[in-house]
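Asker: With the sequence up front, the predicted model follows.
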Amino acid sequence: MSLRIARAQRPLTGRWRDVRVEPRGATRLGISFRPLQAEGFGLEPRAALATLLRHPYELIRLAALWNRMEQAPGVFDFSPLDWQVDAAEQAGKHVIIGLGAVKNFGYPEFFVPKHHLPTPLPEGSLVSEASHPDLLTAALAFVARVVDRYRDHEPVVAWQVEHEAVDPLGVEHSWRLATGFVKREIAEVRRVDPKRPILLNGFLPMSLPVAAQQSWRTRDQGDSLALAEEAADIIGVDFYPSHALGAAGEWTVYLDAKVHAWRERARHLVKRSGAQGRRLMIAEGQAEPWEAVTIPPNPTGRAMASCPPERVIENYNRCLALASESRSPLDAYLFWGAEYWLLRQQAGDDSYLGAFERILASD
């Protein structure tokens, strides 16, 4: 791990064209799609998804956002997800649906309708069946409705329950879901659809400071990866080896995992999943910048230090190499940041999409 201070913006180069691509073997490739992020970039979501679906990957992860689908008590509108599932199905993709209910992928990662939560969740607390019985009841009803709606779609191959299920919600909030709360949701999904596998994902700390912080904040019941190992059919790892801690002017402080600095937990996780016959995927492989702002910057002719285009390939290579060394192939690798690639392309920079296309074209 290294702590470094650097200019956030650097000259854009063609280095991504020369980075060797690790052989993927049987690992499936895919992306996550965030319509709200596309909107935040000024992109039209339907057009953005149509563009991304033209690429020859196998798997796409879509999110059922509760507050977009139940805007009034008991009134459900599935159209915000229907068009995405239909488009993916017509493109011949396999689909993982993130159900939530409380947390789902894509900023702000919290999508509970206000009518189901009249007061904010108390900071520093565990959100459990005992503390929030009405929220759990509503969450169970929502995930059951979503599973019931899409279970007859053959391209849907898995359900993701919550997002980084029992970890704190980013840096903005310190409340956490209790493991019992999440296990009730898992049981409800299995009741409605006993055939498809359950995915639980978790953030993998790539440095000692982040690992220590996460361990302290989740010390009472363990973190999301621990729950995934216990309760999921598919363990999903969220992999971000470089991110900003703060910025002042053009200078930014970054926390970077060294090129060969894998936390021992990563190695043990890969080996255990292989030994147990469990499926392991990279649910989010960093492929867009993580800077000290919510929306990744898009500077003309320059790249952000946390993830220049060559890093899309380098991050992928590290995960595939670790799996190969451990003789436990990854089930899938989902790239995180596809909407950003389109933003860059719109600004005249095809390098991020080019890096992705190089990986897709490799054996």
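Answerer: Alright, I've got the coordinates.

Asker: Now do the buried residues in the helix or strand harbouring residue 47.
Answerer: Assessed by DSSP states H and E, residue 47 sits inside helix 45-53. Residues of helix 45-53 classed as buried: 45, 48, 49, 51, 52, 53 (neighbour count, 16 or more other CB atoms under 10 Å). For every residue, glycine as well, the C-beta is placed using N, CA and C.

Asker: Run through the strands of the stretch 251-363 of the chain in chain order.
Answerer: With DSSP state E, counting those that start in this stretch as the criterion, the stretch 251-363 of the chain has strands at 251-256, 279-286, 302-304, 332-336.

Asker: residues near the closest residue to residue 149 other than its chain neighbours, how many?
Answerer: Nearest residue to residue 149, sequence neighbours excluded (CB to CB, 6 or more residues apart in numbering): residue 78, at 5.7 Å. Counted with other CB atoms under 10 Å, residues neighbouring residue 78 total 16.

Asker: can you offset everything so residue one is 21?
Answerer: Taking 21 as the first residue, the last one we looked at is residue 98.

Asker: give me every residue that touches residue 98.
Answerer: Residue 98 is in contact with 89, 166, 169, counting by CB atoms under 8 Å, 6 or more residues apart in numbering.

Asker: Which other helices and strands does the helix or strand containing the last one contact?
Answerer: In this structure, residue 169 sits in helix 153-170 according to DSSP H and E. In terms of contacts (3 or more CB pairs under 8 Å, 6 or more residues apart in numbering; DSSP states H and E), helix 153-170 is packed against helix 86-89, helix 99-110, strand 114-120, strand 176-181, helix 199-212.

Asker: Mind putting these into JSON lines with distance to residue 259, mean pLDDT and mean neighbour count?
Answerer: Shown next, in JSON lines, are these (distance: least, CB to CB, whole Å; pLDDT from 0 to 100; neighbours: other CB atoms under 10 Å):
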{"stretch": "helix 86-89", "distance to residue 259": "26", "mean pLDDT": "98", "mean neighbour count": "20"}
{"stretch": "helix 99-110", "distance to residue 259": "23", "mean pLDDT": "98", "mean neighbour count": "16"}
{"stretch": "strand 114-120", "distance to residue 259": "17", "mean pLDDT": "98", "mean neighbour count": "25"}
{"stretch": "strand 176-181", "distance to residue 259": "16", "mean pLDDT": "98", "mean neighbour count": "24"}
{"stretch": "helix 199-212", "distance to residue 259": "21", "mean pLDDT": "98", "mean neighbour count": "19"}
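
Asker: if we can go back for a sec, in the helix holding residue 169, what's buried?
Answerer: 155-156, 158-167, 169-170.

Asker: likewise stretch 254-272?
Answerer: 254, 255, 256, 257, 258, 259, 260, 261, 262, 263, 264, 272.

Asker: Can you get me the start-to-end distance on that stretch?
Answerer: Using CA to CA, to the nearest Å, the end-to-end distance of stretch 254-272 comes to 36 Å.

Asker: And stretch 265-284, by the same measure?
Answerer: Start-to-end, stretch 265-284 (CA to CA) is 23 Å.

Asker: Go ahead and name everything in contact with that stretch.
Answerer: 21-29, 224-227, 229-231, 261-264, 311-313, 325-326, 334, 338, 342.

Asker: Skip ahead from the helix holding residue 67 and say which helix or strand is next.
Answerer: strand 79-83.

Asker: Parallel or antiparallel, which strands does that next one pair with?
Answerer: Based on DSSP bridges, the pairing partners of strand 79-83 within the sheet are strand 48-52 (parallel), strand 114-120 (parallel).

Asker: now those as JSON lines including distance to residue 307?
Answerer: Converted to JSON lines, the strands paired with strand 79-83 look like this (distance: least, CB to CB, whole Å):
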{"stretch": "strand 48-52", "distance to residue 307": "8"}
{"stretch": "strand 114-120", "distance to residue 307": "17"}
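
Asker: Out of those strands, flag the one nearest residue 186.
Answerer: strand 114-120 (14.1 Å; CB to CB).

Asker: How far does the very next helix or strand once past that closest one sit from its chain's centre?
Answerer: Following strand 114-120 in sequence order, the next helix or strand is strand 146-147 (DSSP H and E). Strand 146-147 sits 22 Å away from the centroid of its parent chain (CA atoms, centre = their mean, to the nearest Å).

Asker: helices or strands up against strand 146-147?
Answerer: strand 196-197.

Asker: what residues does the strand it packs on touch?
Answerer: Taking CB under 8 Å, 6+ apart as the rule, strand 196-197 contacts 122-123, 145-148, 182, 185-189, 237-238.

Asker: any idea how far residue 70 lies from residue 107?
Answerer: Separation of residue 70 from residue 107 (CB to CB, to the nearest Å) stands at 7 Å.

Asker: Do I have it right that residue 43 meets residue 350?
Answerer: No - judged on CB atoms under 8 Å, residue 43 makes no contact with residue 350 at a distance of 11.9 Å.

Asker: how near is residue 341 to residue 72?
Answerer: 26 Å.
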